[in-house]
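J.: Give the three-dimensional model of this entry:
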Amino acid sequence: MATVTRSTVIDAPIDEVWGILRDFNGHDRWHPAVAESRVEDGLPPDVVGCVRDFRLTDGGRIREQLLSLSDKTRSFTYCILEAPVPLANYVATVRLRPVTDGTRTFWQWEGRFQPPPGRTRELTELVGEQIYQAGFEAIRRLLAEPVPVDEAPPSPEPAPAPERPEPLTRTPVDAGPRPAPGENLGGTAMVTTAFGGPEVFAARETSAPPPDRGQVRLRHTRIGLNFIDVYCRSGYFQLAPPPAVLGMEAAGVVADVGEDVHHLHPGDRVAYACPPPGAYCSVRTMDAALVMPLPDAVSDDMAAAAMLKGLSAEFLLHRVHAVQPGETVLVHAAAGGVGSLLCQWAALKGATVIGTVGSRDKAERARALGLKHVVVYTEEPFVERVHAITEGRGADVVYDAVGRATLDRSYEALATRGHLISYGQASGHIEPVDIAAYASKSATISRPNFAHYVSDTETVRAMTERLFPLLADGRLRVDIGHRFPLDRVGEAHRLLESRGTMGATVLMP
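T.: Numbers count the residues shown, from 1 in each chain. From the prediction side, this is the model:
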């Protein structure tokens, strides 16, 4: 592994230097090697996980991803995803520090990568001189040299500085009485007594043991209801053999943490959406890796309603199929928990969105969330409507959580080289698909599994850093249609299975 470290002192205050460097999409305005830069998916350039795609002055192309950014320490870390030179596993960090007199800035730029055999010296010199040193000199000139009059913009008004969202704050809350060392926390849980219908739930006393290494103990405040819970209860998914506590999503407060847990602390408001099941309870001890702190602007209700559904929408729209501006997106169950978020988020990405719903009431709900093209599929064929809106071309991507009742027609609504994503089967088990038939449209079909997209801390953190700001400022609206006490979870399951829910359903322990 090669390491390249360069540093310099810039004769300007640290906030002035940081104001330029923290713009992850700003290289083309100061670095001599960069001709043009854009951030993919229309994301703000300071959202962790965003990818910048820039064209070099020599015609090459580089894609880099922002891994972390801290206004407190004035530092950021990024990695290279694609490059015209072999910089395998390249990760770099930019750090700023104030010089003692307070008017100058110390800047360190450090990168690590795996060079091919025999090219270490060549590539370390390229990175150190053509990237780092050239960047230092460019910023020094930018801050030291006034713009000549004949190069100044014709408008007498200066261009406004780009708006930067305020960082989301997190304020600890009262975590309740601290458990004594070794003490269990008592509570209640809803337990399945057998595989079967909603009647199999029974209330039981439970307790949460002290957290072990890498674990966290929580007091739940809100619990999310999802269709995967129905599959677990019925036995369609063998994830929780009875007697079992179901539930994959909840919000709450950290009571205490085990050793080696550094991202959570007692009193933190948190949420999670991950296997194994076990959320239908008032207290729980679980692995801490996928439990995420909540910003103040995201309420417990909002988190329990949107964590699993929001993360699902994130990977469906950005990872399974990266929706692009101008594409046409068809979303089934558009008034449901995931469906309503898919519709809103796809529209934010610049897509034309068509949603299907099962009733006029649900159509009104979907329109209230901003959906312009709504099809009540019990009253009109959605395939014909899609082709009418797209002038016969069809949808570029179809998100189908209904399954058996819609899958064939979803394919009919698909454009040539379109992408059919089956991520649920609310209408029942999907029969085997004749994949050869998909050649008539050169179509792609996907069947993503939630657990495969939320398997590690850094991935989930990046997903929530994309999701939470949209929830916090209202660009994504969470529609909570129903709230039930936890001991009435059977009623909630009945309503969900009958497709009588609109928006998300939240359980209250």
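J.: number of nearby residues for the nearest residue to D28 once chain neighbours are set aside?
T.: Excluding the flanking residues, the one nearest D28 by Cβ to Cβ, 6 or more residues apart in numbering is S37, at 4.2 Å. Heads up, the C-betas are built off the backbone N, CA and C, glycines and all. Counted with other Cβ atoms under 10 Å, the neighbours of S37 add up to 20.
J.: try E122
T.: Count around E122 with other Cβ under 10 Å applied: 12.
J.: If you count contacts, what does the helix or strand it falls within end up packed against?
T.: Assigned by DSSP states H and E, E122 belongs to helix 120-125. Counting contacts by 3 or more Cβ pairs under 8 Å, 6 or more residues apart in numbering; DSSP states H and E, helix 120-125 is packed against strand 2-10.
J.: ok so, going back, tell me the gap between the host helix or strand of the residue nearest to D28 and the middle of its chain.
T.: Using DSSP H and E, S37 sits in strand 34-39. The chain centroid and the centroid of strand 34-39 are separated by 24 Å under Cα atoms, centre = their mean, to the nearest Å.
J.: Pretty sure R140 sits in a strand.
T.: No - per DSSP: H, G, I helix; E, B strand; the rest coil, R140 lies outside any strand segment and is helix.
J.: Which pLDDT value goes with it?
T.: Turning to R140, the model gives it a pLDDT of 87.
J.: State the number of residues packed around the nearest residue to it once chain neighbours are set aside.
T.: Among residues not flanking R140 along the chain, I10 sits closest, at 6.0 Å (Cβ to Cβ, 6+ apart). By other Cβ under 10 Å, 21 other residues sit near I10.
J.: Next: T188.
T.: T188 has 16 nearby residues by other Cβ under 10 Å.
J.: ditto for V127
T.: Neighbour tally, V127, other Cβ under 10 Å: 23.
J.: Same question for G60.
T.: 14.
J.: Which SSE is immediately downstream of the helix or strand harbouring V191?
T.: V191 belongs to strand 185-192 when assigned by DSSP H and E. Toward the C-terminal end, the helix or strand that comes next after strand 185-192 (DSSP H and E) is strand 201-208.
J.: So in that sheet, which strands flank that next one, and in what orientation?
T.: Strand 201-208 has the following strand partners under DSSP bridges: strand 185-192 (antiparallel).
J.: What are the buried residues along the partner strand?
T.: Residues L185, G187, T188, A189, M190, V191, T192 are the ones in strand 185-192 that count as buried (16 or more other Cβ atoms under 10 Å).
J.: For the following helix or strand past the strand holding S37, give me every contacting residue.
T.: Going down the chain from strand 34-39, the next helix or strand is strand 51-56, by DSSP H and E. With Cβ atoms under 8 Å, 6 or more residues apart in numbering as the test, strand 51-56 has contacts from 24-25, 27-28, 33-41, 45, 61-66, 81, 84.
J.: Strand 51-56 pairs with which strands, and in what direction?
T.: Sheet pairing here is set by DSSP bridges, and for strand 51-56 it gives strand 34-39 (antiparallel), strand 61-70 (antiparallel).
J.: Going by distance to H452, which of the buried residues of strand 185-192 wins?
T.: Nearest to H452 among those: T192, at 25.0 Å, using Cβ to Cβ.
J.: Is A462 in contact with G49, as I believe?
T.: Yes - using Cβ atoms under 8 Å, A462 is in contact with G49, at 3.6 Å.
J.: What distance separates the opening and closing residues of stretch 35-44?
T.: 20 Å (Cα to Cα, to the nearest Å).
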